[in-house]
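[1] Predicted model and sequence follow; I will ask about them next.
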Amino acid sequence: MASKSAATMLLFLNLGLYIIVTIVAAWAVNHAIERTHETASVLSIPARIFPIFFPMGNMATGFFVIFSLVAGVVGVSTSVTGLTNVFQWDAPNLNAAAASSLLTWALTLLAMGLACKEINIGWTDANLRTLEVLTIIVSGTQLFCTGAIHAGAEDATLNRSLPSASAGTV
């Protein structure tokens, strides 16, 4: 039962973090769409036709923001469905929560790798640094959440497959 409380707590924490990541990444996409025309018009031809140009940050910013937005949306949906699955606490629901949690962690790791690349290149403003830090933090909490759900799924599967002591008596 300690795994159930840990998974529930981590799912609520991840839900909040993924909502914040989604909001900040959506703001960055909106800001880039509004300012790209005026900023990209003075660039040379290869950079002007680049489909993911962001007027802030560096050349890794576009990929990082898009992957953070995707990881945030998938993380919110995984946290909500994971909470319903963990509240039921049976083997099929926990296995479904474990699979979706693993997928979300993989997407978050991809966004985290791009955040690390953007930090390595440099030249980012405060809003992007906030998104980078939140993405790195949520990748760690998602790892712990995935571990807690997998531990609960393993326990539920073992408890389901073991015959009870009173099953053989008449």
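    Okay, I see it. Numbering: from 1, shown residues only.

[2] could you give me the average pLDDT of the longest helix anywhere in the chain?
    Assignment by DSSP state H gives helix 2-40 as the longest helix of the chain. Here helix 2-40 scores 87 as its mean pLDDT.

[3] just checking, next helix/strand downstream of the helix-or-strand element of the chain with minimal mean pLDDT?
    Between all helices and strands in the chain, the lowest mean by mean pLDDT, DSSP states H and E belongs to helix 45-48, at a mean of 58. Per DSSP states H and E, the first helix or strand lying C-terminal to helix 45-48 is helix 61-88.

[4] Name the residues of that following helix that are buried.
    61-76, 78-79, 81-83, 85-86 (16 or more other CB atoms under 10 Å). (C-beta placed from N, C-alpha, C; glycine too.)

[5] and the helix or strand following that helix with helix 2-40, angle?
    Once helix 61-88 ends, the next helix or strand along the chain (criterion: DSSP H and E) is helix 91-121. Here the directions of helix 91-121 and helix 2-40 differ by 40 degrees (axes from the mean of the first three to the mean of the last three CA atoms, to 10 degrees).

[6] now for helix 91-121, which elements pack on it?
    Counting by 3 or more CB pairs under 8 Å, 6 or more residues apart in numbering; DSSP states H and E, the packing neighbours recorded for helix 91-121 are helix 61-88, helix 126-161.

[7] Turn the ones you listed into a markdown table, columns for mean pLDDT.
    Output for those, formatted as a markdown table (pLDDT from 0 to 100):
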| stretch | mean pLDDT |
| --- | --- |
| helix 61-88 | 93 |
| helix 126-161 | 90 |
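
[8] Throw these into CSV and include distance to residue 19, thanks.
    CSV is the format used below for the helices and strands packed on helix 91-121 (distance: least, CB to CB, whole Å):
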stretch, distance to residue 19
helix 61-88, 6
helix 126-161, 10
